[in-house]
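S.K.: Structure here, sequence nowhere to be found:
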């Protein structure tokens, strides 16, 4: 449980940076940190539970498409996390389109890697 909470905190920081940097990401709710935290909670839950199974099942198709299917899967999971956060808690992050989701997942990966490395030292 502790590892999940740490991962959630790291994803919240990464999602906050993503929202600040990308004009195609908008926080819903007040204060904005609640929207970012709700979005990152569902991202952490999806990444821990469903995403590995979906990626494993989609691996042959991902190989055939030279990894482009992985971008689509990331986009779908970001949209799902956004929808869950907004529909259940009335706060979250909205994504304007596929390109913003791809850029957002890239920023979240980089920032979460840096934050994880900084706290693990």
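M.R.: In hand now; what should we look at? From a predicted model like this one, the values you see are computed outputs, not experimental measurements. Numbering: from 1, shown residues only.

S.K.: can you tell me how far residue 62 sits from residue 84?
M.R.: Going from residue 62 to residue 84 by CB to CB, to the nearest Å gives 24 Å. C-betas here are computed from N, CA, C, even on glycine.

S.K.: and residue 66, what helix or strand is that in?
M.R.: Per DSSP states H and E: residue 66 is located in neither a helix nor a strand.

S.K.: Run a quick neighbour tally on it.
M.R.: Residue 66: 8 surrounding residues under other CB atoms under 10 Å.

S.K.: Can you show me the strands along the protein?
M.R.: Taking DSSP state E to define them, one finds strands in the chain at 25-28, 92-95.

S.K.: quick one, which of these is nearest to residue 47?
M.R.: strand 92-95 (15.2 Å; CB to CB).

S.K.: And the closest one, what does it pack against?
M.R.: With contacts defined as 3 or more CB pairs under 8 Å, 6 or more residues apart in numbering; DSSP states H and E, the packing partners of strand 92-95 are strand 25-28, helix 32-49, helix 68-89.

S.K.: so can I have CSV of those showing distance to residue 101?
M.R.: CSV is the format used below for these (distance: least, CB to CB, whole Å):
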stretch, distance to residue 101
strand 25-28, 9
helix 32-49, 12
helix 68-89, 4
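
S.K.: Any idea which of these gets closest to residue 97?
M.R.: helix 68-89 (8.9 Å).

S.K.: so the closest one versus helix 32-49, what angle?
M.R.: Here helix 68-89 points in a direction 130 degrees away from that of helix 32-49 (axes from the mean of the first three to the mean of the last three CA atoms, to 10 degrees).

S.K.: Much appreciated, bye for now.
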